[in-house]
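K.L.:
Sequence first, then the predicted structure:
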Amino acid sequence: MKPRLPGEVRLIGGQWKRTKLPVPDRPGLRPTPDRVRETLFNWLGQDLGGWRCLDAYAGTGALGLEAASRGAASVTLVERDSTLVASLQALRLRLKAEATVQVRPGDGLAVLRHWPLASLELVFLDPPYGSGVLDASLAAAAQSVVPGGFVYAESAQPLQALAPQWSLHRHLKAGAVHAHLLQRTGE
């Protein structure tokens with residue numbers, strides 16, 4: 001039986017605190033639960049002022065928009081589903097976030113592989129479970145994230161062996177979600 005999606009999720013903090021984001025019924029869409037996002041941003045700190053962020057599998061945009069709400073200088077939301085892209089573009093306009101948030105239709109892994117080297121402080125990786133792209137996405141993100149920067153990776157199982165570019169900063173399990181905050185080493 002397919003789990004029932006919430007009709008909406010809300011942003012937890014920052015300038016758009018309590019803003020509701022629609023959650024359309026789309027294949028593979030699993031918005032990161034509020035509790036997990038709240039924990040993640042407690043780990044990262046409440047103020048992401050000046051950070052450059054990429055949400056490679058944006059879905060509802062909850063992770064990337066949460067970063068923008070907390071002061072990130074730029075957030076790129078990448079999504080391949082055209083219905084979700086249209087929803088993200090409408091949210092960007094509704095929030096008046098045109099200067100900070102960019103919506104880019106396309107494949108998250110392909111975008112990561114071509115992203116400028118060492119140009120991001122934070123990458124969100126929450127691909128559809130079972131898609132088999134998380135390991136390749138982590139490898140691509142290692143090129144894009146500055147030393148000391150972070151990747152948030154969400155999966156159905158705990159991450160196994162990490163490449164030497166990553167250290168596990170924090171981990172939690174909430175229901176079926178394994179949330180990992182990885183930090184880019186200087187190697």
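P.N.:
Received, thanks.
K.L.:
Over stretch 108-116, what's the mean pLDDT, rounded is fine.
P.N.:
Average pLDDT, stretch 108-116: 97.
K.L.:
in the chain, what spans have low per-residue confidence?
P.N.:
For the chain, the stretches with pLDDT under 70 are 1-6, 187.
K.L.:
Next, the contact list for the spatially most central residue of the chain, please.
P.N.:
Closest to where the C-alpha atoms of the chain average out (CA atoms, centre = their mean) is F124, at 2.9 Å. By CB atoms under 8 Å, 6 or more residues apart in numbering, the contact list for F124 reads 53-58, 63-64, 67, 151-152. All C-beta spots, glycine's among them, are computed from the backbone N, C-alpha and C.
K.L.:
all strands for this structure, in order.
P.N.:
Assigned by DSSP state E, the chain shows strands spanning 8-10, 20-22, 52-55, 74-79, 101-105, 120-125, 145-155, 166-174, 177-184.
K.L.:
Tabulate the ones you listed (TSV), appending distance to G132.
P.N.:
Shown next, in TSV, are the strands of the chain (distance: least, CB to CB, whole Å):
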stretch	distance to G132
strand 8-10	26
strand 20-22	27
strand 52-55	19
strand 74-79	18
strand 101-105	21
strand 120-125	13
strand 145-155	11
strand 166-174	19
strand 177-184	16
